[in-house]
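Engineer: sequence plus predicted model, see below.
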Amino acid sequence: MASLEALTAANARRWAVARLVSARGGAFRDNARRLVAARSKYAGVAAKTGVPWFAIAVIHEREASQRWDASIAQGDRWDRVSVHVPRGRGPFASWDAAAIDALTDCAPHAARWRDWSPGGLLTLLEQYNGLGYAAMGIPSPYVWAGTDQYKSGKYVADGRFDPLAVDQQLGCAGLLLAMAEIDASVAAGLQRAKSAAPPHASPTTPAPHPPAWVVALLSLVARVFGR
């Protein structure tokens, strides 16, 4: 089991030096503009859950491609009972109601999270996709895809890790970087939270990538024992 404290520190180090991959910078900025345009919608849910609006926005993008008929819990329609994990949620009366349920009553229970520094926020986001990558000591594509902190490696099915697969979705960290470029409140919110964060979340140097043979070995272990 990955230590959340160690993962927070690693994500903070990565955030301190992360850059968008130039080939995907335009896609990040286009999506960031779309997410920022819906700030007031996310702010309403943020006020009821304590989760920053920009965190809700990137969850919505990653889980449901910002579809307003889909829940941020897993991308299923919120007006029906969900069939993907978390299963059995809903139906709900509105997107807001589904989002509040996802943040308060579904793992990883974002409304209970208190560390909204960059490292803490990214660790909370990583938990949405699982800690399999953290257990191998590699950056999660859910968070880092499209930045220079991620090269390859992806769970292509439950318990099946492919070290050569590359996640084509935009990662949460890159979305936040792009949003911070166009909305000062995102940058300010992350900076305030970083100042109040515990010492272990302070960024220093980037976390190293393990050698390829280590990733391959861990991939074999993951396939044998499951994710």
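Structural biologist: Done, it's in. Numbering: from 1, shown residues only.

Engineer: how deep is Gly137 tucked in, by neighbour count?
Structural biologist: Using other Cβ atoms under 10 Å, Gly137 has 17 neighbouring residues. (Each C-beta comes from the backbone N, C-alpha and C, glycine too.)

Engineer: ok, the one 10 residues further on next?
Structural biologist: When neighbours are defined as other Cβ under 10 Å, Thr147 has 25 of them.

Engineer: again with the one 5 residues further on
Structural biologist: Neighbours of Ser152 under the rule other Cβ under 10 Å: 15.

Engineer: ok, it - contacts?
Structural biologist: Neighbour list for Ser152: 163-166 [criterion: Cβ atoms under 8 Å, 6 or more residues apart in numbering].

Engineer: could you look up the SS state of it?
Structural biologist: At Ser152, secondary structure determined by DSSP: H, G, I helix; E, B strand; the rest coil is coil.

Engineer: ok, Gln149 to Leu121 distance?
Structural biologist: 15 Å (Cβ to Cβ, to the nearest Å).

Engineer: of those two, who's got more company?
Structural biologist: A side-by-side neighbour count of Gln149 and Leu121, using other Cβ under 10 Å, places Leu121 first with 32 against 26.

Engineer: helices and strands of this protein: which one has the lowest mean pLDDT?
Structural biologist: Lowest on mean pLDDT, DSSP states H and E among the helices and strands of the chain sits helix 212-225, with a mean of 51.

Engineer: Ser3: neighbouring residues, count only.
Structural biologist: When neighbours are counted by other Cβ under 10 Å, Ser3 registers 12.

Engineer: and the one 10 residues further on, by the same measure?
Structural biologist: Burial of Arg13 is recorded as 20 neighbouring residues (other Cβ under 10 Å).

Engineer: and the helix or strand where it lies, what does it pack against?
Structural biologist: Per DSSP states H and E, Arg13 falls inside helix 4-17. Packing partners of helix 4-17 (3 or more Cβ pairs under 8 Å, 6 or more residues apart in numbering; DSSP states H and E): helix 118-129, helix 172-182.

Engineer: can we see that at 6 Å?
Structural biologist: Applying 3 or more Cβ pairs under 6 Å, 6 or more residues apart in numbering; DSSP states H and E, one finds that helix 4-17 makes contact with helix 118-129.

Engineer: contact partners of the helix or strand where Asn31 lies?
Structural biologist: Following DSSP H and E, one finds Asn31 within helix 25-37. Here helix 25-37 makes contact (Cβ atoms under 6 Å, 6 or more residues apart in numbering) with 20, 57, 170, 174, 178-179, 182-183.

Engineer: just the buried members of those residues?
Structural biologist: Among these, the ones that count as buried by 16 or more other Cβ atoms under 10 Å are 20, 57, 170, 174, 178-179, 183.

Engineer: how many residues are close by the residue lying closest to Leu122 once chain neighbours are set aside?
Structural biologist: The shortest distance from Leu122 to any non-neighbouring residue, by Cβ to Cβ, 6 or more residues apart in numbering, is to Asn11 (4.1 Å). By the criterion of other Cβ under 10 Å, Asn11 has 31 neighbours.

Engineer: my guess is Asn11 contacts Gly120, does it?
Structural biologist: No. Using Cβ atoms under 6 Å, Asn11 is not in contact with Gly120; the gap is 8.1 Å.

Engineer: how about the residue positioned nearest the centre of the chain: what's its closest non-neighbour residue?
Structural biologist: For the chain, the residue nearest the mean C-alpha position is Leu125 (3.3 Å; Cα atoms, centre = their mean). Leaving aside its sequence neighbours, Leu125 sits nearest to Cys172 (Cβ to Cβ, 6+ apart; 4.6 Å).
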